[in-house]
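*Asks:* model this:
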Amino acid sequence: YAYLFYDEHKNLTEDATQRLEAIRDFTELGSGYKIAMQDLNIRGAGDILGKEQAGFVDSIGYEAYMNLLNEVIREKSLQDKARVDKPIGTKYELSFSLDSHIPSTYASESDRINIYRELFDISTIEQLRKYKKQARDIYGRFPEELENCFVKKEIEIELSIPIIENFNETLDHYEIRLTKEFSNKYGIALKIKNMFEKYENSNISIRYYGKYFMIRIVKTSNYLLDLLDVVKSLSSLA
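*Replies:* This is a model prediction of the structure:
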């Protein structure tokens, strides 16, 4: 059946074609694991790899991927403990990734939960600045992963500005939709055009959909800094 389906549908997407080829190649008994692994290779390993989220599992190996997955589960559980069923302090929350967490070598589990809890409650840039200074005095110099946690929190705070109608995050990109009122405000189109000139030929684009502006940021190795730059620029226009 897979052969017939494949022959009769020449215009399938690349991913669909690769999945059919996997079924065709692994049709013997007990091949479910091989098909699952092939599907994982097609889709990618997912956002837990942070800035490497688009890479295939073959690039790191299955065992390394499972170790990363277990680390994500452990770290995510600490974040869940820090929440204690309270509403988040900001309108939006970025997804968890391994390049933005608190390494176990930096602080004890209870201290890491406390840091997550403090970050979770912060809702203003001034609060964030004060807490960064306090945390540095208590725990010492920040590793890159923790610095990224602070960058993520700054982004979440900036995303709360009233000119942003909606924020959406997928595995490979972000979308920011501006409000209709702001998008159609006199003179704002020119300001946005001037603001986004520096992003020409980059992973950041903006389009006007008749009633509102939509900004799209493709995730690259600098995706957090790219997103931060965009939201800070938007904040300056608010």
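*Asks:* Show me where the chain has its helices.
*Replies:* 2-8, 14-25, 32-43, 62-83, 109-121, 125-139, 144-158, 180-183, 188-196, 223-237 (DSSP state H).
*Asks:* what angle sits between the fifth one and helix 144-158?
*Replies:* Translated: helix 109-121. 20 degrees (axes from the mean of the first three to the mean of the last three C-alpha atoms, to 10 degrees).
*Asks:* Identify each buried residue in helix 109-121, please.
*Replies:* Buried positions in helix 109-121, judged by neighbour count with 16 or more other C-beta atoms under 10 Å: 112-113, 115-120. For the C-beta atoms, the positions are set from N, CA and C on the backbone; glycine is no exception.
*Asks:* Could you do stretch 209-219 as well?
*Replies:* Here stretch 209-219 shows 212-215, 217, 219 as buried, counting by 16+ other C-beta under 10 Å.
*Asks:* Now do the end-to-end distance for it.
*Replies:* Start and end residues of stretch 209-219 are separated by 22 Å (C-alpha to C-alpha, to the nearest Å).
*Asks:* With stretch 170-182 instead?
*Replies:* 25 Å.
*Asks:* got it, and stretch 172-185?
*Replies:* Using C-alpha to C-alpha, the distance between the terminal residues of stretch 172-185 is 31 Å.
*Asks:* how about low-confidence regions in this protein?
*Replies:* Residues of the chain that meet the criterion pLDDT under 70 lie in 1-73, 82-88, 98.
*Asks:* mind checking how far Asp229 is from Thr124?
*Replies:* 20 Å (C-beta to C-beta, to the nearest Å).
*Asks:* With neighbour numbers in mind, choose between the two.
*Replies:* Between Asp229 and Thr124, counted using other C-beta atoms under 10 Å, the more crowded position is Asp229 (16 against 12).
*Asks:* one step back: in TSV: the buried residues of stretch 209-219, plus distance to Leu146.
*Replies:* Shown next, in TSV, are the buried residues of stretch 209-219 (distance: C-beta to C-beta, whole Å):
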residue	distance to Leu146
Tyr212	36
Phe213	33
Met214	32
Ile215	28
Ile217	23
Lys219	20
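*Asks:* from those residues, which ones fall inside strands?
*Replies:* If you go by DSSP state E, the buried residues of stretch 209-219 have 213-215, 217 in strands.
*Asks:* what's the closest of the residues you listed to Asp137?
*Replies:* Nearest to Asp137 among these, counting by C-beta to C-beta, is Ile217 at 33.8 Å.
*Asks:* quick one: the closest one from Gln79, how far?
*Replies:* From Ile217 over to Gln79 the distance is 24 Å, taken as C-beta to C-beta.
*Asks:* Which one of the ones in strands among the buried residues of stretch 209-219 is nearest to Arg129?
*Replies:* Ile217 (24.6 Å).
*Asks:* Tell me what that closest one is bridged to.
*Replies:* The partner list for Ile217 in beta bridges (DSSP bridges) reads Tyr174, Ile204.
*Asks:* in terms of contact, does it touch Leu228 like I think?
*Replies:* No - using C-beta atoms under 8 Å, Ile217 is not in contact with Leu228, being 10.3 Å away.
*Asks:* Cheers, nothing more for now.
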